[in-house]
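Asker: here is a sequence together with a model predicted from it:
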Amino acid sequence: MAENEYDLNPVANGADTAPQIGLIAQYVKDLSFENPNAPGIYQAQIQPQFDVQMNVGATPVAEDVHEVAMKVEVRAIGENDVTAFAVELLYAGLFGVRNVPDDQLHPFLYAEAPRLLFPFARRIIAEVVRDGNFPPMLLDPIDFGAMYLQQVQQANGLATSEPAGQA
């Protein structure tokens, strides 16, 4: 091949075959804050125990578009099993996904996409709890990759000691 010649592989003109992923939108689908024992709960001097549950789901909504929804439930239980507050958030994002093989799509939708959405859901929960006159509830970071692998192992019959989807 000459010095100035280009090696052009024949590809269909304008063919778009490279994998592409993009966040189209993110939004609150449902948000609930309950403060069932106000105003008496503000007199309590006991540090509440927190129960945090997290679930992730993905649904195709159009060709090459998937909705990933993260449900986060937080319950603060005080003395004598009295509920200080309860928050339930369903936070979702629309992801455009094109030319991504199926074996890579599932891990993206259940591990990487929730990782991208989590900081926003965490902020919403902190602010809602603060607006309920409690100290902001800052959720610990979650390793969605490890959570995904745990779920895959359980699905393949290699159950681990901790339930998947728990944070």
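Answerer: Perfect, I can see it now. Residues are numbered from 1 along each chain as shown.

Asker: drop to CA atoms for contacts and neighbour counts, all remaining ones
Answerer: Fine.

Asker: my read is residue 110 is in a helix, agree?
Answerer: Yes. Remark: residue 110 belongs to a helix, assigned using DSSP: H, G, I helix; E, B strand; the rest coil.

Asker: can you count the residues close to it?
Answerer: Other residues near residue 110 come to 23 when the count uses other C-alpha atoms under 10 Å.

Asker: my understanding was that it contacts residue 58; is that so?
Answerer: Yes. Residue 110 sits in contact with residue 58 when judged by C-alpha atoms under 8 Å, with a separation of 7.2 Å.

Asker: so what sits against both of these two?
Answerer: Shared contacts of residue 110 and residue 58, defined by C-alpha atoms under 8 Å, 6 or more residues apart in numbering, are found at residue 68.

Asker: quick check: which element contains the residue nearest the centre of the chain?
Answerer: When C-alpha atoms, centre = their mean is applied to the chain, the residue found nearest the centroid is residue 114 (3.2 Å). Per DSSP states H and E, residue 114 falls inside helix 113-131.

Asker: give me the angle between the helix or strand encompassing residue 146 and helix 113-131.
Answerer: In this structure, residue 146 is located in helix 144-155 according to DSSP H and E. Using axes from the mean of the first three to the mean of the last three C-alpha atoms, to 10 degrees, the interaxial angle of helix 144-155 with respect to helix 113-131 works out to 110 degrees.

Asker: pull out the buried positions in helix 144-155.
Answerer: Under the neighbour-count criterion of 16 or more other C-alpha atoms under 10 Å, helix 144-155 has 144-145, 147-148, 150-151 buried.

Asker: how many neighbours does residue 89 have?
Answerer: The number of residues packed around residue 89, counting by other C-alpha under 10 Å, is 22.

Asker: helix or strand: which one has the closest residue to it other than its chain neighbours?
Answerer: Ranked by C-alpha to C-alpha, 6 or more residues apart in numbering and with sequence neighbours excluded, the top spatial neighbour of residue 89 is residue 31, at 4.6 Å. Secondary structure assignment for residue 31, by DSSP H and E: strand 20-34.

Asker: with just CA atoms, put that strand into CSV.
Answerer: As requested, the backbone C-alpha atoms of strand 20-34 are provided in CSV (Å, rounded to 0.1, in the frame of the first residue of the first chain):
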residue,chain,number,x,y,z
GLN,A,20,-24.5,3.7,22.3
ILE,A,21,-26.1,4.4,25.7
GLY,A,22,-27.5,7.6,26.9
LEU,A,23,-29.6,8.9,29.7
ILE,A,24,-32.7,10.5,28.2
ALA,A,25,-34.5,11.6,31.3
GLN,A,26,-34.8,10.9,35.0
TYR,A,27,-37.8,11.6,37.2
VAL,A,28,-39.7,10.9,40.4
LYS,A,29,-42.5,8.4,39.7
ASP,A,30,-43.8,8.2,43.2
LEU,A,31,-42.8,9.8,46.5
SER,A,32,-44.3,9.3,49.9
PHE,A,33,-43.3,10.6,53.3
GLU,A,34,-45.2,9.6,56.4
